[in-house]
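Undergrad: turn this into a model:
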Amino acid sequence: MSRIVIALGGNALGNNPAEQKELVKIPAKKIAELVKAGHEVIVGHGNGPQVGMIFNGFVSAASVNSKSPLVPLPEAGAMSQGYIGYHMVNAITNAFKEEGIEQKEVLYLLTQTLVDPKDPAFLNPTKPIGPFFATKEEAELANPNSVIVEDAGRGFRKVVASPKPINFVGINQMKNAINSGATVIVGGGGGIPTVKDENGFINGVDGVIDKDFALAKMAALTNADYFIVLTAVDYVKVNFGKPDQKDLKHVTKVELEKYIEEKQFAPGSMLPKVQAAIKFVEEGGKAAFIGDLKDLEDIIAEKIGTKVTLN
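TA: Numbers count the residues shown, from 1 in each chain. Here you go, the predicted model:
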């Protein structure tokens, strides 16, 4: 059968622990069904709402108690991976039990994603993180050594860079875990942005890595056959909201790049998903798919969803 990397959106997991604990059962059941059918499955997830909740929580605590520490963004990302991973491992393990899948382990691997310290994104941070503040001074006090921007009518907020993923810390052990037959959960929130200095020492840095780009890279490095981006739509669409709106069912890299030039896809929404799909097929993947979580089995069967191929 096939090796499949699945990218789940962080919004699919709810906005608090109680919601997440229940919502994670939905993808867990779908994943168990794929494993029962003989596929190898690698799962990644977003963490936007979760890391925001954690980061904002520490900022709020520090505002009322001077002894409460501010937590750097890389640490907040690591906490979100553990929090989400705990629920995902439990849910998938229990789904395996319900499906009668024996001797299959579920592993969550904390993911640090290597990025280039000279990535131009670091010169132009654009990704907002954390709460709004009434004044720039308040925002700077809550976010030392950070870039602060004003959002008209809403206040001042921290922004960070979104560098491109290059590789992953511990990639060989990740491959070993996958090759052992385990169902592996990796790439949480795109991973913690990590740089390596000229002496080989690593350190986490402020940043947000697009999870679809990170998982496309993970899929390529682990020789996955297919990369599936799960979102809230059944197809990628062009001319969205217009009389000539069209569902893309099978599209090549060249065709998709033409649509990108036409600005058919919204930045920060569908655009990074189609760009990640292109990246995967460029690096040797058989096909990438974009579709709705509820249709996962039918996406693999090519009954629904957008299929992206090199040619």
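
Undergrad: let me know the pLDDT of G285.
TA: Listed pLDDT for G285 reads 98.

Undergrad: could you list every residue that touches it?
TA: Residues in contact with G285 (Cβ atoms under 8 Å, 6 or more residues apart in numbering) are A219, A220, A224, D225, Y226, F227. Where C-beta positions appear, they are placed from N, C-alpha and C, glycine not excepted.

Undergrad: which residues does G82 contact?
TA: L110.

Undergrad: and it, that's in a strand?
TA: No: in this structure, G82 is helix, not part of a strand, as judged by DSSP: H, G, I helix; E, B strand; the rest coil.

Undergrad: ok, it to I31 distance?
TA: Using Cβ to Cβ, to the nearest Å, G82 is found at 20 Å from I31.

Undergrad: next: I84.
TA: 14 Å.

Undergrad: those two: who's more crowded?
TA: When neighbours are counted by other Cβ atoms under 10 Å, I84 and I31 differ, and I31 comes out ahead with 27 against 24.

Undergrad: and that one, which of the three is it?
TA: helix.

Undergrad: CA atoms only for stretch 11-29 - export them in PDB, please.
TA: Extracted in PDB, the C-alpha atoms of stretch 11-29 (Å, rounded to 0.1, in the frame of the first residue of the first chain):
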ATOM      1  CA  ASN A  11      -8.600  25.000  13.700                       C
ATOM      2  CA  ALA A  12      -9.900  21.500  13.300                       C
ATOM      3  CA  LEU A  13      -8.900  20.800  16.900                       C
ATOM      4  CA  GLY A  14     -11.000  23.400  18.600                       C
ATOM      5  CA  ASN A  15     -10.100  26.300  20.900                       C
ATOM      6  CA  ASN A  16      -9.800  24.700  24.300                       C
ATOM      7  CA  PRO A  17      -8.700  21.400  25.900                       C
ATOM      8  CA  ALA A  18     -12.300  20.100  26.300                       C
ATOM      9  CA  GLU A  19     -13.100  20.800  22.600                       C
ATOM     10  CA  GLN A  20      -9.900  19.400  21.400                       C
ATOM     11  CA  LYS A  21     -10.200  16.200  23.300                       C
ATOM     12  CA  GLU A  22     -13.500  15.400  21.500                       C
ATOM     13  CA  LEU A  23     -12.700  16.900  18.100                       C
ATOM     14  CA  VAL A  24      -9.400  14.900  17.700                       C
ATOM     15  CA  LYS A  25     -11.400  11.700  17.700                       C
ATOM     16  CA  ILE A  26     -12.700  12.600  14.200                       C
ATOM     17  CA  PRO A  27      -9.300  12.500  12.400                       C
ATOM     18  CA  ALA A  28      -8.200   9.600  14.700                       C
ATOM     19  CA  LYS A  29     -11.000   7.400  13.300                       C
END
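
Undergrad: how about that stretch: buried residues?
TA: By 16 or more other Cβ atoms under 10 Å, the buried positions in stretch 11-29 come out as A12, L13, G14, Q20, L23, V24, K25, I26, P27, A28, K29.

Undergrad: repeat for stretch 114-130
TA: Result for stretch 114-130 [16+ other Cβ under 10 Å]: buried residues L114, V115, D119, A121, F122, P125, K127, I129, G130.

Undergrad: return the subset of those residues lying in strands.
TA: By the criterion of DSSP state E, membership of the buried residues of stretch 114-130 in strands covers L114, K127, I129, G130.

Undergrad: which of those residues sits closest to N65?
TA: Checking those against N65 with Cβ to Cβ, the nearest one is G130 at 17.7 Å.

Undergrad: how far is stretch 184-198 from where the chain is centred?
TA: Centroid separation for stretch 184-198 versus its chain: 11 Å, with Cα atoms, centre = their mean, to the nearest Å.

Undergrad: ah, wrong one, I meant stretch 258-268
TA: 20 Å.

Undergrad: swap in stretch 275-286?
TA: With Cα atoms, centre = their mean, you get 16 Å for stretch 275-286.
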